[in-house]
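J.: Provide a 3D model corresponding to the input given below.
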Amino acid sequence: MRIPSWLIHTLPQVEFSMDSNDAAPAKFRHMETLSFQREDAPGLLGGQTSWSYRQGGVVVAIGWDWAEIQRGVIALADPMAIVCNARFIGHSGEVLNERMKVLALNAIVYQLPWQEQVCAVVFPKSVPDRHCSVVPKSGVVVEVLHQRLALAA
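T.: Sure thing, here's the model as predicted:
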């Protein structure tokens, strides 16, 4: 199934319990990556990527814009603009507010191998003069995001 990230908000909403494994990044699979030449930075690319999995009979999807910030360096374009058709439920059964949802979405995105996937799609090995390297991720970032979510509950 291919769903551009800008259409994710049209999918049925799915509840994610922060106490369960619903939002586990390992469940998500790459759906689609689109790229384009950036108008604001000639020679660099930008685009969108989307990831999903099936929970029961419903598709759970997450997507965001990315940007090549220098040749071969791919970054999340706007950490506040990650789209998802999930409604996050906190540890006490409450619906997370928008600020906490943004933290939860960033924790998921951070743990996905999305930069590797974008690089593989945008800079295939058949293009020898273009490549990108991925900066190793730190478990500390995820731990801090989870601590903030726990404190807010």
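J.: How about the spatially most central residue of the chain, nearest residue that isn't a chain neighbour?
T.: Nearest residue to the geometric centre of the chain (Cα atoms, centre = their mean): Val109, 3.7 Å. Spatially, and ignoring its direct neighbours in sequence, Val109 is nearest to Ile82 (6.0 Å; Cβ to Cβ, 6 or more residues apart in numbering). Using the backbone N, CA and C atoms, a C-beta is placed for each residue, glycine as well.
J.: Sticking with the residue nearest to the centre of the chain, tell me its helix or strand.
T.: helix 98-111 (DSSP states H and E).
J.: Just want the angle from the next helix or strand along the chain from that helix to helix 98-111.
T.: Remark: after helix 98-111, the chain's next helix or strand is helix 114-122, criterion DSSP H and E. Helix 114-122 and helix 98-111 are oriented at 60 degrees to each other (axes from the mean of the first three to the mean of the last three Cα atoms, to 10 degrees).
J.: tell me which strands and helices helix 114-122 is in contact with?
T.: strand 29-37, strand 45-55, strand 58-70, strand 73-76 (3 or more Cβ pairs under 8 Å, 6 or more residues apart in numbering; DSSP states H and E).
J.: could I get the ones you listed as a markdown table with mean neighbour count, mean pLDDT and distance to Gly90?
T.: Output for the helices and strands packed on helix 114-122, formatted as a markdown table (neighbours: other Cβ atoms under 10 Å; pLDDT from 0 to 100; distance: least, Cβ to Cβ, whole Å):
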| stretch | mean neighbour count | mean pLDDT | distance to Gly90 |
| --- | --- | --- | --- |
| strand 29-37 | 16 | 93 | 26 |
| strand 45-55 | 20 | 91 | 18 |
| strand 58-70 | 20 | 92 | 18 |
| strand 73-76 | 18 | 90 | 24 |
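J.: With respect to Lys101, which of these lies nearest?
T.: Ranking the helices and strands packed on helix 114-122 by their distance to Lys101 (criterion: Cβ to Cβ) puts strand 58-70 first, at 11.4 Å.
J.: Also compute the angle for that closest one relative to strand 29-37, please.
T.: Using the same axes, to 10 degrees: strand 58-70 against strand 29-37 is 40 degrees.
J.: In PDB, list the C-alpha atoms belonging to strand 58-70.
T.: Output of strand 58-70 as PDB, limited to C-alpha atoms (Å, rounded to 0.1, in the frame of the first residue of the first chain):
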ATOM      1  CA  VAL A  58      -6.600  -0.900  10.100                       C
ATOM      2  CA  VAL A  59      -3.500   0.800   8.600                       C
ATOM      3  CA  VAL A  60      -1.500   2.800  11.100                       C
ATOM      4  CA  ALA A  61       0.700   5.300   9.200                       C
ATOM      5  CA  ILE A  62       3.200   8.000  10.000                       C
ATOM      6  CA  GLY A  63       4.900  10.400   7.700                       C
ATOM      7  CA  TRP A  64       7.000  13.500   7.500                       C
ATOM      8  CA  ASP A  65       9.000  15.800   5.300                       C
ATOM      9  CA  TRP A  66      12.800  15.400   5.100                       C
ATOM     10  CA  ALA A  67      15.500  17.700   3.600                       C
ATOM     11  CA  GLU A  68      19.000  17.200   2.400                       C
ATOM     12  CA  ILE A  69      20.700  19.900   4.600                       C
ATOM     13  CA  GLN A  70      24.000  19.500   2.900                       C
END
